[in-house]
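1. sharing a model that was predicted from the sequence below.
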Amino acid sequence: MSDSARLAVRLTPRGGRDQIDGWAKDPAGRLFLKIRVSAPPVEGEANSALEKLLAKALGLPKSSVAVVSGSTARLKQIEVGGLSQNDLDRRLAKPAAFDLS
């Protein structure tokens, strides 16, 4: 993969449905994408559902999306292959700067 991009995600397992809930800021002001999946946090099921949901939303194969850190935490780092950081931010409508206080 020549291009790859990173994304911070806060995952809510057993969230009732698979859905991207939008952008938020942590207390330090860093942006993350809120995502919920119906899968439980057991044996990687929630992470797998997250990768599948993001791949579908981005129009990429599931193999292009991977949890690269935080596999057992709510806040995760995701690597997306096949897209530049700008393309990823644009496809997910990442705001350049906003106030979510």
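-> Yep, that arrived.
2. check which helices and strands the top helix by length along the chain sits against.
-> Looking across the chain with DSSP state H, the single longest helix is helix 45-58. Where contact means 3 or more Cβ pairs under 8 Å, 6 or more residues apart in numbering; DSSP states H and E, helix 45-58 is packed against strand 4-12, strand 19-25, strand 31-36, strand 65-69, strand 75-81, helix 85-91. All C-beta atoms are positioned from the backbone trio N, CA, C, and that covers glycine.
3. include mean pLDDT, mean neighbour count and distance to Glu43 when you put the ones you listed into JSON lines, please.
-> Converted to JSON lines, the helices and strands packed on helix 45-58 look like this (pLDDT from 0 to 100; neighbours: other Cβ atoms under 10 Å; distance: least, Cβ to Cβ, whole Å):
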{"stretch": "strand 4-12", "mean pLDDT": "96", "mean neighbour count": "18", "distance to Glu43": "15"}
{"stretch": "strand 19-25", "mean pLDDT": "95", "mean neighbour count": "14", "distance to Glu43": "22"}
{"stretch": "strand 31-36", "mean pLDDT": "96", "mean neighbour count": "19", "distance to Glu43": "19"}
{"stretch": "strand 65-69", "mean pLDDT": "97", "mean neighbour count": "17", "distance to Glu43": "14"}
{"stretch": "strand 75-81", "mean pLDDT": "97", "mean neighbour count": "18", "distance to Glu43": "16"}
{"stretch": "helix 85-91", "mean pLDDT": "93", "mean neighbour count": "15", "distance to Glu43": "28"}
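4. just the pLDDT for Ala97.
-> We have a pLDDT of 60 for Ala97.
5. go ahead and confirm Thr12 touches Leu53.
-> No. Judged on Cβ atoms under 8 Å, Thr12 makes no contact with Leu53 at a distance of 12.0 Å.
6. that older thread, which stretch among the helices and strands packed on helix 45-58 comes nearest Leu58?
-> Nearest of these to Leu58, taken as Cβ to Cβ: helix 85-91 at 5.6 Å.
7. show me what that closest one is packed up against.
-> Counting contacts by 3+ Cβ pairs under 8 Å, 6+ apart, helix 85-91 packs against strand 4-12, helix 45-58.
8. can you say which of the ones you listed is nearest to Arg30?
-> Smallest distance to Arg30 across those (Cβ to Cβ): 6.6 Å, for strand 4-12.
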